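[1] sequence-free structure coming up:
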């Protein structure tokens, strides 16, 4: 069944998430966990008898940040990055004990569950990387507003670990809006990748405006009485070179045309968002999105559809845990188009060994062609199609 898959095992190293900021803590690997680790390594085409044990997943968080007109923010990583070089990614990064608190121990199943630590990391990393502050004013409860000078200084201080993020927020009269984050799957890096992460994904909805155009170059100059949403900016080239809002479908189309690099987790989640935001003629017709202005009540209605969707499923999307693994066809043959099928149903060996019952997405898979410069020709297809027939996408 694994015939033809081994040669592509190394391509899955592209699924690693975010840069390292935490040291690996040494633990004794239990026999059930060791068996599960070897099992996933083998399913990905690796050698389960290799002497070097898989690394421990480092805790991290990432945010699908939704603009006032229902576009999604992506940042382009620098070419020199050790993870996702030149790719477009959601704002996010590793948990910092200095800023966010202490995550659960590596051997604990709690390490892979949404918590205040992960939420604080999501808010802090979004601020560091884009300048957008997901925080509330202590007095009125609306989004906290600070001057551009204060914002720039705060990003430098927090990124440089000069002042704890929570302390800086308190000095500005605010608090992180942890309640505004909506869990939207967790991703655990496969075992054959040197750098592994357990990444909690979130949705966050910035307040809608009265009337905004849905275009690939939407203006951020619209006035809103309640709060001003700052234009996202990069971190000065430390990790990112570009920050931009676009509809989810526009990002997906750019990736399929080879104009940007999206990795499977980002592509897959943007695909889910596009189904509820972009009124497509068919699930994968990303170019069919309308460019007409959308009234505020419709923007809110689409948000509600997405919010309702993430609460559905068994388990719901708020609790799904996904560790991508190569999915061989029933006949054991490689696809004629050369693409790899990534199954999304497994939660990762750590959770499989702990028998928590966590699982991922059973009904869908991701097609991908891993090239030297990153993944190409991505598509989301049904599991049944992945197991048997060929996709025309």
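    Received the coordinates, thanks. Because the structure is a prediction, the values reported are computed rather than measured.

[2] So which helix or strand of this protein has the lowest pLDDT on average?
    strand 211-212 (a mean of 45; mean pLDDT, DSSP states H and E).

[3] after that strand comes which helix or strand?
    strand 240-246 (DSSP states H and E).

[4] what is the orientation angle of the next helix or strand after that following strand with strand 240-246?
    As assigned by DSSP H and E, the chain's next helix or strand after strand 240-246 is helix 248-256. Interaxial angle, helix 248-256 versus strand 240-246 (axes from the mean of the first three to the mean of the last three C-alpha atoms, to 10 degrees): 130 degrees.

[5] what's next to helix 248-256, contact-wise?
    Outside helix 248-256, the residues that touch it by C-beta atoms under 8 Å, 6 or more residues apart in numbering are 71-72, 74, 88, 216, 246, 260-262, 267, 270-271, 273-274, 277-278, 280, 286-289, 377-379. Every residue, glycine included, has its C-beta placed from N, CA and C.

[6] Swap in 7 Å and give it another go.
    Helix 248-256 is contacted from outside by 72, 74, 88, 216, 260, 262, 267, 270-271, 273-274, 277-278, 280, 286-287, 289, 378, using C-beta atoms under 7 Å, 6 or more residues apart in numbering.

[7] buried residues in stretch 103-117?
    Within stretch 103-117, the residues that qualify as buried are 103, 106, 107, 111, 112, 113, 114, 115, 117, counting by 16 or more other C-beta atoms under 10 Å.

[8] Helices - which of those residues land there?
    Taking DSSP state H as the definition of helices, these contribute residue 117.

[9] need the buried residues of stretch 103-117 in CSV with distance to residue 97 and pLDDT, can you?
    CSV is the format used below for those (distance: C-beta to C-beta, whole Å; pLDDT from 0 to 100):
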residue, distance to residue 97, pLDDT
103, 8, 97
106, 14, 92
107, 17, 91
111, 13, 96
112, 18, 96
113, 18, 96
114, 18, 98
115, 13, 98
117, 9, 98
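
[10] Which parts of the stretch 251-393 of the chain are strands?
    294-295, 321-322, 325-326, 340-343, 364-371, 374-382 (DSSP state E, counting those that start in this stretch).

[11] Who does the third one pair with, and is each partner parallel or antiparallel?
    I take that to be strand 325-326. If you go by DSSP bridges, strand 325-326 pairs up with strand 340-343 (antiparallel).

[12] Equivalent analysis for the longest one, please.
    For strand 374-382, sheet partners with direction are given as strand 364-371 (antiparallel), following DSSP bridges.

[13] that older thread, need the buried residues of stretch 103-117 in CSV (columns: distance to residue 174).
    Below are the buried residues of stretch 103-117 laid out as CSV (distance: C-beta to C-beta, whole Å):
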residue, distance to residue 174
103, 24
106, 33
107, 36
111, 29
112, 30
113, 27
114, 22
115, 21
117, 19
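
[14] taking the buried residues of stretch 103-117 one by one, which sit in strands?
    Among those, no residue falls in strands (DSSP state E).

[15] Need the max-distance pair from the buried residues of stretch 103-117.
    107 and 114 (18.7 Å; C-beta to C-beta).

[16] now the contacts of helix 248-256: which count as buried?
    By 16+ other C-beta under 10 Å, these give 72, 74, 88, 216, 260, 262, 267, 270-271, 273-274, 277-278, 280, 286, 289, 378 as buried.

[17] where in the stretch 51-200 of the chain is pLDDT low?
    51, 78-85 (pLDDT under 70).

[18] can we see that at 90?
    51-55, 77-86, 139-141, 192-194 (pLDDT under 90).

[19] Strands of that one, start to end?
    Under DSSP E, counting those that start in this stretch, the stretch 51-200 of the chain gives strands at 58-66, 72-77, 88-89, 92-94, 135-137, 174-176, 182-188, 197-205.

[20] Most tightly packed of the ones you listed?
    strand 58-66 (a mean of 26; mean count of other C-beta atoms under 10 Å).

[21] From the chain's centroid, how far away is that one?
    Its chain's C-alpha centre and that of strand 58-66 lie 6 Å apart, by C-alpha atoms, centre = their mean, to the nearest Å.

[22] Same check on stretch 180-192?
    7 Å.

[23] now swap in stretch 184-201 and tell me
    10 Å.

[24] go on, stretch 194-206?
    5 Å.

[25] thought residue 197 was touching residue 61?
    No: Residue 197 is beyond contact range of residue 61, at 9.9 Å (criterion: C-beta atoms under 7 Å).

[26] what mean pLDDT would you report for stretch 265-276?
    For stretch 265-276, mean pLDDT rounds to 98.

[27] who touches it?
    Contacts of stretch 265-276 (C-beta under 7 Å, 6+ apart): 64, 72, 89-90, 184-185, 187, 201, 248-249, 251-252, 255, 280, 283, 286, 302, 305-306, 309, 366, 378, 380.

[28] Distance from the chain centre to it, please.
    10 Å.

[29] returning to what we had before: TSV for the strands of the stretch 251-393 of the chain, including distance to residue 314 and mean pLDDT?
    As requested, the strands of the stretch 251-393 of the chain are exported to TSV (distance: least, C-beta to C-beta, whole Å; pLDDT from 0 to 100):
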stretch	distance to residue 314	mean pLDDT
strand 294-295	32	92
strand 321-322	13	98
strand 325-326	20	94
strand 340-343	17	95
strand 364-371	14	95
strand 374-382	17	95
